[in-house]
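> Just need the structure, nothing else, for what follows:
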Amino acid sequence: MNFAVLVFPGSNCDIDCYKAVEDTIGQPVDYVWHTETDLSKYDCIILPGGFSYGDYLRTGAIARFAPVMNALVQAAALGKYILGICNGFQILLESGLLPGAMLRNRSLKFRCHAALLQVENTDTPFTKEYNKGELINIPIAHGEGNYYCDEATLAELKANNQIVFRYEAGSNPNGSVDDIAGICNREGNVLGMMPHPERAVHEILGSADGRRMFTSILSTWREKHGAAAIG
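The predicted structure is shown next:
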């Protein structure tokens with residue numbers, strides 16, 4: 001299984017994502033520069049955290065127009081797995097691959113600490129090895145992670161089981177609507193989340209709860225492609 005980690009000017013979690021793939025599932029992984037126009041080689045594409053283009057206009061708003069984004073949209077339409085983490089989630093929202101928008105944290109402060117997430121949907125390639133309702137410890141690090149959508153969109157997210165993660169009740173760190181920490185598209189192959197699973201793959205980091213996201217992706221891909229892909 002081939003992984004790509006997209007790199008925009010200002011990305012700063014690209015190495016973390018690369019190492020998470022390398023260390024947890026040992027699959028081939030490449031850094032892919034934002035000027036690339038062909039992602040056909042890759043089965044899973046990760047948009048890492050950071051401050052793409054300095055976030056000078058709005059988080060993810062400039063990265064949305066990078067050349068690689070046309071290829072990313074095509075990959076999503078083909079059913080390939082797309083994982084946007086933090087700034088990557090913001091880029092997915094700006095590109096229209098996921099619904100909604102990001103606002104400044106309600107506190108107007110950058111928040112960087114461990115966070116408990118409740119797993120709401122285990123029927124995605126990213127969460128099949130978690131248990132529904134399970135609380136997992138995944139750190140956050142963002143200043144604009146306050147997810148917002150209108151009531152009609154929220155109703156659609158709920159009806160289609162697109163809310164994948166919520167912050168533990170009573171511990172919402174940014175004010176996001178309905179405590180949302182991560183959502184997917186209707187097809188389930190595109191996931192955006194503000195917390196950083198790549199920073200929670202070893203107990204020495206404070207939690208290994210993020211490991212199962214990467215093992216979930218690999219096991220789902222192997223099941224889809226049959227036993228021959230496992231060897």
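
> Could you report the pLDDT at Ile230?
On pLDDT, Ile230 comes in at 42.

> Determine the longest helix present in the chain.
Scanning the chain for the longest helix, with DSSP state H as the assignment, gives helix 211-225.

> List the contacts of it.
Identification of contacts with helix 211-225 by CB atoms under 8 Å, 6 or more residues apart in numbering yields 1, 20-21, 24-25, 27, 43-44, 81, 83, 125-130, 197, 200-202, 229-230. C-beta here means a position set from N, CA and C on the backbone, and glycine is covered the same way.

> For beta bridges, what are the partners of the residue lying closest to Ser171 once chain neighbours are set aside?
Distances taken as CB to CB, 6 or more residues apart in numbering place Leu116 nearest to Ser171, at 6.1 Å, with adjacent residues excluded. Beta-bridge pairing of Leu116 under DSSP bridges involves Asn137.

> Leu116 and Leu83, how far apart?
Leu116 is 20 Å from Leu83, where distance means CB to CB, to the nearest Å.

> Name the residue in these two with the higher neighbour count.
Leu83 (29 against 18; other CB atoms under 10 Å).

> pLDDT of the helix or strand containing that one, averaged?
Here Leu83, judged by DSSP states H and E, is contained in strand 81-85. Across strand 81-85, pLDDT averages out at 98.

> How far does stretch 79-88 stretch from one end to the other?
18 Å (CA to CA, to the nearest Å).

> Can you give me the buried ones in it?
Using 16 or more other CB atoms under 10 Å as the test for burial, stretch 79-88 gives Lys80, Tyr81, Ile82, Leu83, Gly84, Ile85, Cys86, Asn87, Gly88.

> One more: stretch 172-184?
Residues of stretch 172-184 classed as buried: Asn172, Pro173, Asn174, Ser176, Val177, Asp179, Ile180, Ala181, Gly182, Ile183, Cys184 (neighbour count, 16+ other CB under 10 Å).

> right, and the first one touches Met194 too?
No. Here Asn172 does not reach Met194: they are 11.1 Å apart, not a contact under CB atoms under 8 Å.

> Where does pLDDT dip in this protein?
Low-confidence segments of the chain (pLDDT under 70): 227-231.

> cutoff 80 now
Residue ranges of the chain with pLDDT under 80: 226-231.

> As a check, name the ranges of all helices in it.
Taking DSSP H to define them, one finds helices in the chain at 14-24, 68-77, 87-95, 151-159, 211-225.

> gap between the two ends of stretch 156-175?
20 Å.

> ugh, typo on my part, it should be stretch 124-132
Using CA to CA, the end-to-end distance of stretch 124-132 comes out at 12 Å.

> for it, which positions count as buried?
Buried-residue list, stretch 124-132, by 16+ other CB under 10 Å: Thr124, Pro125, Phe126, Thr127, Lys128, Glu129, Tyr130.

> Now distance to Ala76 too, for the residues you listed, in JSON lines please.
Output for the buried residues of stretch 124-132, formatted as JSON lines (distance: CB to CB, whole Å):
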{"residue": "Thr124", "distance to Ala76": "14"}
{"residue": "Pro125", "distance to Ala76": "13"}
{"residue": "Phe126", "distance to Ala76": "14"}
{"residue": "Thr127", "distance to Ala76": "18"}
{"residue": "Lys128", "distance to Ala76": "19"}
{"residue": "Glu129", "distance to Ala76": "22"}
{"residue": "Tyr130", "distance to Ala76": "22"}
